[in-house]
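**Q** pasting the sequence and the predicted model now:
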Amino acid sequence: MREARNGAKSYASWQAEAVKLAQTVLAGEIGLLAGARDLAAIGARLVHDVSSDPDFSVLVAVASETDDLPIGQVRALWDRSALTEKDREIADYEARVREVVLAACRSIRTRYAAG
């Protein structure tokens, strides 16, 4: 994959990154919320309007609905007792959206795998 002269990623690079990340979510190697947040950001590079895209709109919604939940490195900054409560919220939310997020990941993998 060639990168643009100014160092910006090419469309093909964003496609490959989306496929790799979707596969990582599907394999359970990254959490649903973290994966949805990252894929939502990539979607802005791949589609003209993420809100009208059947896959990326789901991921943007998940990212938006959970932006108050501590995911990743920010967890180190949280109080342990507060994290316990937030972890319950994360588990409940992930249980509700698991199938729709995984379906979006499968679709993204299929759509962009061919490049």
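**A** Ah, there it is.
**Q** which residue is nearest the centroid of the protein?
**A** Nearest to the mean C-alpha position of the chain, by CA atoms, centre = their mean, lies Ala36 at 2.2 Å.
**Q** wait, what's in contact with that residue?
**A** Neighbouring residues of Ala36 by CB atoms under 8 Å, 6 or more residues apart in numbering: Val25, Val58, Leu59, Val62, Ala63, Thr66, Val97, Val101. Glycine gets a C-beta too; all of them are placed from N, C-alpha and C.
**Q** figure out how far the longest helix anywhere in the chain is from the centre of its chain.
**A** For the chain, the helix with the greatest residue count under DSSP state H is helix 80-113. Mean-position distance between helix 80-113 and its chain equals 9 Å (CA atoms, centre = their mean, to the nearest Å).
**Q** how about stretch 76-89?
**A** With CA atoms, centre = their mean as the basis, stretch 76-89 stands 21 Å off its chain's centre.
**Q** what do you get for stretch 47-67?
**A** Here stretch 47-67 is found 9 Å from its chain centre; the criterion is CA atoms, centre = their mean.
**Q** format the CA atom coordinates belonging to that stretch as CSV.
**A** The C-alpha coordinates for stretch 47-67 follow below in CSV (Å, rounded to 0.1, in the frame of the first residue of the first chain):
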residue,chain,number,x,y,z
VAL,A,47,-17.5,6.8,3.6
HIS,A,48,-18.9,10.2,2.7
ASP,A,49,-21.6,10.2,5.4
VAL,A,50,-21.2,7.8,8.3
SER,A,51,-24.7,8.6,9.6
SER,A,52,-26.2,7.1,6.4
ASP,A,53,-23.9,4.0,6.3
PRO,A,54,-25.6,0.9,7.7
ASP,A,55,-22.4,-0.3,9.4
PHE,A,56,-20.5,2.8,10.4
SER,A,57,-23.7,4.5,11.7
VAL,A,58,-24.1,1.7,14.2
LEU,A,59,-20.5,2.1,15.4
VAL,A,60,-20.8,5.9,15.6
ALA,A,61,-23.9,5.5,17.7
VAL,A,62,-22.2,3.0,20.1
ALA,A,63,-19.1,5.3,20.3
SER,A,64,-21.4,8.3,21.1
GLU,A,65,-23.6,6.5,23.6
THR,A,66,-20.5,5.3,25.5
ASP,A,67,-18.2,8.2,25.4
